[in-house]
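Enquirer: one predicted model, sequence on top.
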Amino acid sequence: MDIKLIRERPEEVQQMLELRRSRVGIEPILELDQKRRSLVRERDELRNRQRQLSQAIAQAKREKQDCAGMLSQASELSDRIKGIEAELSRVEDEQAGLVRFLPNVVHPSVTAEEEIVATWGDPPRFDFEPLTHMDLGAALGIIDLEAAARLAGSRFVLFRGQGALLERALINYFIDTNVRRHGYIEIAPPVLANPQTLEASGQLPHLETEMYRCRDDELFLIPTAEPQLVALHRGQTIPEAQLPLKYVSWTPCFRREAGSYGKDVRGIIRIHQFDKVENVRITWPERSYQDLEEMRKESESLLQDLGLPYRVKRLAAWDIANQSAKTYDLEVWAAGLKRWLEVSSISNCEDYQTRRGGIRVRARDGKTFYPHALNGSALALPRTFIALVENYQQPDGSIVVPAVLRPYMNGLERITGQP
């Protein structure tokens with residue numbers, strides 16, 4: 001968050017924090033800011049005296065006068081300035097550390113309550129009792145949770161045979177559609193990230209306990225491709241002619257889910273490792289909310305292509321991620337579970353991430369500005385997988401493959417569990 005905003009509109013910032021139900025306060029930040037400005041004034045006053053004294057010493061030397069006293073004063077001034085600068089550096093570091101914990105501002109359209117803003121399609125109707133993905137997966141041999149538990153532990157998944165083929169088909173279809181239809185550049189990033197990358201995107205410091213950390217290295221397994229795509233330009237100045245930048249990645253994502261014990265532990269709704277295709281845009285501030293709506297429509301189009309009924313939810317202020325100013329969730333209907341499952345979050349982070357990452361754009365007039373960064377799942381698995389197998393199940397236990405996926409599944413029209 002811009003310290004200028006905190007300094008000039010503290011009441012507005014405090015109201016935003018209350019709307020977000022944030023426990024972080026701005027009082028210590030403002031106290032440090034006052035101390036910082038006091039130190040800056042004192043340092044500047046001493047520097048001015050130092051310049052005047054330097055001029056007097058030079059004049060005395062030209063006139064061959066004794067300047068020992070003035071040299072002693074200059075040495076004392078230099079020591080005082082160094083002490084103030086050291087204290088100033090400490091105060092600025094402490095203030096920056098507190099500011100890093102502050103969430104982003106929220107867009108005026110974001111309120112304390114969530115809102116369903118759109119729906120598409122009707123939940124399928126069956127003349128039999130639909131099975132859940134757990135039962136379908138076990139019967140067809142396409143999901144093996146027992147094998148996954150032997151290999152890694154609970155809350156992991158192993159896809160087998162036609163299940164693995166379906167997972168891969170969804171990933172490839174999402175990537176190809178985002179590249180060919182929507183003009184994204186595909187990026188294959190590392191699945192390990194350093195702290196600077198995660199700090200730039202806003203996952204650190206507040207989500208550290210939710211991530212898997214490498215014990216012997218300063219690296220984390222990524223919770224999403226978002227930090228890698230945003231931080232591609234960390235510390236860089238981008239020519240305006242390159243905007244908008246549009247990147248798409250498929251990566252496995254890793255989350256400890258430490259705070260969700262007992263929640264959605266059956267099946268593959270909430271697991272420690274899952275696949276996701278992620279879109280990121282870097283764009284002009286004045287058109288970022290137009291981009292947000294475009295990204296929402298792009299993700300919706302994937303669900304429409306698959307024929308999966310969904311709804312669009314505008315999240316409440318307290319429910320959006322720290323780095324986001326506005327977020328839409330896409331929730332797809334799963335017929336076996338008889339519930340809505342989130343398969344995409346599309347967020348505008350405005351300049352929150354680009355400030356943290358030192359990402360600037362050089363405008364055509366030579367001036368620089370912070371662009372806005374947006375991200376969106378397009379789409380997340382395996383919940384899309386869950387909805388597909390549950391909604392397309394047949395009375396004989398087979399699963400119809402949507403037409404758009406058949407080219408990615410060697411022409412397979414039904415999943416029957418046969419190799």
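Expert: Okay, I see it.
Enquirer: show me what the helix or strand bottoming out on mean pLDDT in the chain is in contact with.
Expert: Least confident helix or strand of the chain, by mean pLDDT, DSSP states H and E, is helix 3-8 with a mean of 89. Outside helix 3-8, the residues that touch it by Cβ atoms under 8 Å, 6 or more residues apart in numbering are 12-13, 26, 29-30, 33, 95, 99, 102, 105. For the C-beta atoms, the positions are set from N, CA and C on the backbone; glycine is no exception.
Enquirer: would you mark the buried spots in it?
Expert: Buried residues in helix 3-8, counted by 16 or more other Cβ atoms under 10 Å: 3, 6.
Enquirer: now tabulate the contacts of helix 3-8 in JSON lines and tack on distance to residue 200, neighbour count and pLDDT.
Expert: Below are those laid out as JSON lines (distance: Cβ to Cβ, whole Å; neighbours: other Cβ atoms under 10 Å; pLDDT from 0 to 100):
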{"residue": "12", "distance to residue 200": "25", "neighbour count": "12", "pLDDT": "91"}
{"residue": "13", "distance to residue 200": "22", "neighbour count": "20", "pLDDT": "92"}
{"residue": "26", "distance to residue 200": "22", "neighbour count": "20", "pLDDT": "93"}
{"residue": "29", "distance to residue 200": "20", "neighbour count": "24", "pLDDT": "94"}
{"residue": "30", "distance to residue 200": "25", "neighbour count": "16", "pLDDT": "94"}
{"residue": "33", "distance to residue 200": "23", "neighbour count": "20", "pLDDT": "94"}
{"residue": "95", "distance to residue 200": "18", "neighbour count": "20", "pLDDT": "93"}
{"residue": "99", "distance to residue 200": "14", "neighbour count": "19", "pLDDT": "89"}
{"residue": "102", "distance to residue 200": "15", "neighbour count": "23", "pLDDT": "92"}
{"residue": "105", "distance to residue 200": "18", "neighbour count": "21", "pLDDT": "93"}
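Enquirer: looking at the residues you listed, which is nearest residue 255?
Expert: Among the contacts of helix 3-8, residue 102 lies closest to residue 255 (Cβ to Cβ), at 23.0 Å.
Enquirer: how close does the closest one get to residue 30?
Expert: Using Cβ to Cβ, to the nearest Å, one obtains 12 Å as the distance from residue 102 to residue 30.
Enquirer: excluding chain neighbours, give the residue nearest to residue 185 in space.
Expert: Excluding the flanking residues, the one nearest residue 185 by Cβ to Cβ, 6 or more residues apart in numbering is residue 247, at 5.5 Å.
Enquirer: thought the one you found was touching residue 280?
Expert: Yes. Using Cβ atoms under 8 Å, residue 247 makes contact with residue 280 at a distance of 4.9 Å.
Enquirer: just want to know which of these two has more residues nearby.
Expert: A count of neighbours by other Cβ atoms under 10 Å puts residue 280 above the other of residue 247 and residue 280, at 28 against 22.
Enquirer: hang on, that one in a helix?
Expert: No. Applying DSSP: H, G, I helix; E, B strand; the rest coil, one finds residue 280 to be strand, outside a helix.
Enquirer: pLDDT score assigned to it?
Expert: Per-residue pLDDT puts residue 280 at 98.
Enquirer: for the chain, which spans come out with low pLDDT?
Expert: In the predicted model, the chain carries pLDDT under 70 at residues 258-265, 419.
Enquirer: in CSV: the contacts of helix 3-8, plus distance to residue 116 and secondary structure.
Expert: Converted to CSV, these look like this (distance: Cβ to Cβ, whole Å; DSSP: H, G, I helix; E, B strand; the rest coil):
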residue, distance to residue 116, secondary structure
12, 28, helix
13, 29, helix
26, 33, coil
29, 36, helix
30, 38, helix
33, 41, helix
95, 40, helix
99, 34, helix
102, 29, coil
105, 24, coil
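Enquirer: let me know the closest of these to residue 331.
Expert: Within these, proximity to residue 331 (Cβ to Cβ) peaks at residue 105, which comes in at 25.6 Å.
Enquirer: contacts for stretch 110-128, please.
Expert: Counting by Cβ under 8 Å, 6+ apart, 19, 300, 303-304, 307-320, 325-326, 328, 333, 335, 391, 393, 395 sit against stretch 110-128.
Enquirer: how about 7 Å then?
Expert: Where contact means Cβ atoms under 7 Å, 6 or more residues apart in numbering, the residues beyond stretch 110-128 that reach it are 19, 300, 304, 308-319, 326, 333, 335, 391, 395.
Enquirer: one more: stretch 290-306?
Expert: So stretch 290-306 is in contact with 120, 174, 177, 182, 244, 279, 281, 283, 310, 312, 326, 328, 330, 332, 344, 346, 348, 374, 376-379, 388, 402, 404, going by Cβ under 7 Å, 6+ apart.
Enquirer: list the residues that contact residue 310.
Expert: The contact partners of residue 310, taken as Cβ under 7 Å, 6+ apart, are 120-121, 303, 330-333.
Enquirer: what about the residue sitting nearest the centre point of the chain, distance to residue 270?
Expert: With distances taken as Cα atoms, centre = their mean, the chain has residue 226 as the residue nearest its mean C-alpha position (5.0 Å). Distance, residue 226 to residue 270, by Cβ to Cβ: 19 Å.
Enquirer: among the contacts of residue 310, the buried ones, what's the PyMOL command?
Expert: In PyMOL syntax, the buried subset of the contacts of residue 310 is picked out as below (16+ other Cβ under 10 Å):
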select buried, resi 303+330+331+332+333
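Enquirer: which members of the contacts of residue 310 occur in strands, if any?
Expert: Among the contacts of residue 310, the members found in strands (DSSP state E) are 120, 330-333.
Enquirer: format these as TSV; extra columns: distance to residue 203.
Expert: Converted to TSV, those look like this (distance: Cβ to Cβ, whole Å):
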residue	distance to residue 203
120	31
330	21
331	23
332	25
333	30
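Enquirer: which one of those residues is nearest residue 357?
Expert: Closest to residue 357, out of all of the ones in strands among the contacts of residue 310 and judged by Cβ to Cβ, is residue 330, at 26.7 Å.
Enquirer: doesn't residue 315 make contact with that closest one?
Expert: No. Counting by Cβ atoms under 7 Å, residue 330 sits too far from residue 315 to count as a contact (11.4 Å).
Enquirer: one step back: dump the residue contacts of the nearest residue to the residue nearest to the centre of the chain once chain neighbours are set aside.
Expert: Closest residue to residue 226 apart from its sequence neighbours, by Cβ to Cβ, 6+ apart: residue 375 at 4.5 Å. With contact set as Cβ under 7 Å, 6+ apart, residue 375 has these partners: 226, 278-280, 347.
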